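Novice: no sequence for this one, just the structure:
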């Protein structure tokens, strides 16, 4: 999302990340990865519960299905930082239009599953 942020802003949209760690982790994440958009905290999992985010078992984090995504991330220079409070919680991506219209939803199937950027940009153009 960081690299696509200018393209997303050109569509009149904003990106907001929601993390599971504390303030220090959010600040380190924002600084280490040069995140230009807000990073909010969900310490008590209230937001995660509201959108019914899925959790996986600890050993599922090491599922062979995640290996290609992990290898791709490592080749891209990404490294695993400190773990947040809910390491087994999967992420999601939502595109929400004015008046709370849900235009796009992607719920990660594993820890390396992220939506294609083209799908997100397409939902912004709708």
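Specialist: That came through fine. For clarity, every value in this text was computed on a predicted model and none was experimentally measured.

Novice: could you use CA atoms for every contact and neighbour count after this?
Specialist: Fine.

Novice: so residue 102 sits against residue 120, correct?
Specialist: No: checked against Cα atoms under 8 Å, the pair residue 102 and residue 120 is beyond contact range at 12.0 Å.

Novice: so which of these two has more stuff around it?
Specialist: A direct count of neighbours by other Cα atoms under 10 Å for residue 102 and residue 120 places residue 120 higher, at 19 against 12.

Novice: counting contacts, what elements does the helix or strand the more buried one falls within pack onto?
Specialist: For residue 120, the element it lies in under DSSP states H and E is helix 117-125. If you count contacts as 3 or more Cα pairs under 8 Å, 6 or more residues apart in numbering; DSSP states H and E, helix 117-125 packs onto strand 92-97, strand 101-107.

Novice: which residues touch it?
Specialist: 1, 4, 8, 11, 13, 95, 103-104 (Cα atoms under 8 Å, 6 or more residues apart in numbering).

Novice: show me which of those is closest to residue 34.
Specialist: Taking Cα to Cα as the measure, residue 34 lies nearest residue 1 of the contacts of helix 117-125, at 11.2 Å.

Novice: what's the burial count for the closest one?
Specialist: By other Cα under 10 Å, neighbour count at residue 1 equals 15.

Novice: repeat for residue 17
Specialist: Neighbour tally, residue 17, other Cα under 10 Å: 13.

Novice: ok, and the closest non-adjacent residue to it?
Specialist: residue 39 (4.7 Å; Cα to Cα, 6 or more residues apart in numbering).

Novice: and that neighbour, how close does it get to residue 119?
Specialist: 22 Å (Cα to Cα, to the nearest Å).
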